[in-house]
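Asks: Dropping the sequence and predicted coords here.
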Amino acid sequence: MRKANRKSFEELVQQNKQEILADPQAIDQIEEKLEERHEQHSAN
């Protein structure tokens, strides 16, 4: 049975964005991952 209160994709994205912006540690982790990926692509 489906839940009556399903969120749209856009609502989920906005909720996730707000949670990340409220968590400085999450922002730091994302930045580190992006830097690692950038370094890997730059090395090739």
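Replies: Perfect, I can see it now.

Asks: Can you classify K7 as helix, strand or coil?
Replies: Recorded secondary structure, K7: coil (DSSP: H, G, I helix; E, B strand; the rest coil).

Asks: tally of neighbours for it?
Replies: For K7, the count of nearby residues is 11 (other CB atoms under 10 Å). Quick note: C-beta positions are derived from backbone N, CA and C, even for glycine.

Asks: from what I can see it touches Q14, true?
Replies: No. K7 is not in contact with Q14 according to CB atoms under 8 Å; the separation is 9.3 Å.

Asks: Are there helices or strands packed against the helix or strand harbouring Q40, and which ones?
Replies: Mapping Q40 onto the secondary structure by DSSP states H and E places it in helix 24-43. The helices and strands touching helix 24-43, judged by 3 or more CB pairs under 8 Å, 6 or more residues apart in numbering; DSSP states H and E, are helix 9-21.

Asks: Let me see the confidence value for K3.
Replies: pLDDT for K3: 63.

Asks: Between the two ends of stretch 17-29, how far is it?
Replies: Between the opening and closing residues of stretch 17-29 we find a distance of 14 Å, counting by CA to CA, to the nearest Å.

Asks: rewinding a little: how about the helix holding Q40: buried residues?
Replies: Taking 16 or more other CB atoms under 10 Å as the basis for neighbour counts, none of the residues of helix 24-43 comes out buried.

Asks: Name the residues that touch it?
Replies: 19-21 (CB atoms under 8 Å, 6 or more residues apart in numbering).

Asks: just stretch 9-17 next, same as before
Replies: For stretch 9-17, contacts defined as CB under 8 Å, 6+ apart pick out K7.

Asks: rerun at 10 Å
Replies: If you take CB atoms under 10 Å, 6 or more residues apart in numbering as the criterion, stretch 9-17 is touched by 6-8.
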